[in-house]
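Novice: Build the 3D model from these lines:
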Amino acid sequence: MAKQEFSAYQKDVISNYYNNLSAISLGKLSELVSELYLADNDTKRAKLWERAQKAMVNLKIPPAIVSHIMTKKDVKILAKNLNEWLARAK
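Specialist: Next comes the predicted model:
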């Protein structure tokens, strides 16, 4: 397959995406917190917690914090930490 060439505009879009990846990931984690508050059954809640754990690992949150949040599985704890991470990101 031939090497794919990107236009200058496409390169700029790709670059901006990777420059803002942590902000995008924090936004997705924020949406997960909302979904966890609204989850109506244990199966859905378990899947959302798995996604939240993956998001925290991708954000390079210290493993001790991720472990603490995942053992408690308390949405309030996750939301409190998320607010701190969002404040640091700005």
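Novice: for this structure, what spans make up the strands?
Specialist: Under the criterion DSSP state E, the chain carries no strands.
Novice: show me where it has helices.
Specialist: 8-19, 21-38, 42-58, 63-72, 75-89 (DSSP state H).
Novice: Okay, buried residues for the fourth one please.
Specialist: In other words, helix 63-72. Residues Val66, Ile69 are the ones in helix 63-72 that count as buried (16 or more other C-beta atoms under 10 Å). (Each C-beta comes from the backbone N, C-alpha and C, glycine too.)
Novice: quick one on the thing from earlier: got the helices of the chain as JSON lines, with mean pLDDT columns?
Specialist: Below are the helices of the chain laid out as JSON lines (pLDDT from 0 to 100):
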{"stretch": "helix 8-19", "mean pLDDT": "94"}
{"stretch": "helix 21-38", "mean pLDDT": "95"}
{"stretch": "helix 42-58", "mean pLDDT": "96"}
{"stretch": "helix 63-72", "mean pLDDT": "97"}
{"stretch": "helix 75-89", "mean pLDDT": "95"}
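Novice: From Phe6, how far out is Asn20?
Specialist: Note on Asn20: its distance to Phe6, by C-beta to C-beta, to the nearest Å, is 18 Å.
Novice: Same question for Ser30.
Specialist: With distances taken as C-beta to C-beta, Ser30 is found 30 Å from Phe6.
Novice: In terms of neighbours, single out the busier of the two.
Specialist: Neighbour count, other C-beta atoms under 10 Å: between Ser30 and Phe6, Ser30 has more, with 17 against 10.
Novice: Report the separation between the residue nearest to the more buried one when sequence neighbours are not counted and Leu59.
Specialist: Residue nearest to Ser30 in three dimensions, not counting chain neighbours: Leu82, with 6.1 Å by C-beta to C-beta, 6 or more residues apart in numbering. From Leu82 over to Leu59 the distance is 10 Å, taken as C-beta to C-beta.
Novice: the more surrounded of those two?
Specialist: Neighbour tally, Leu82 and Leu59, criterion other C-beta under 10 Å: the higher count belongs to Leu82, 22 against 17.
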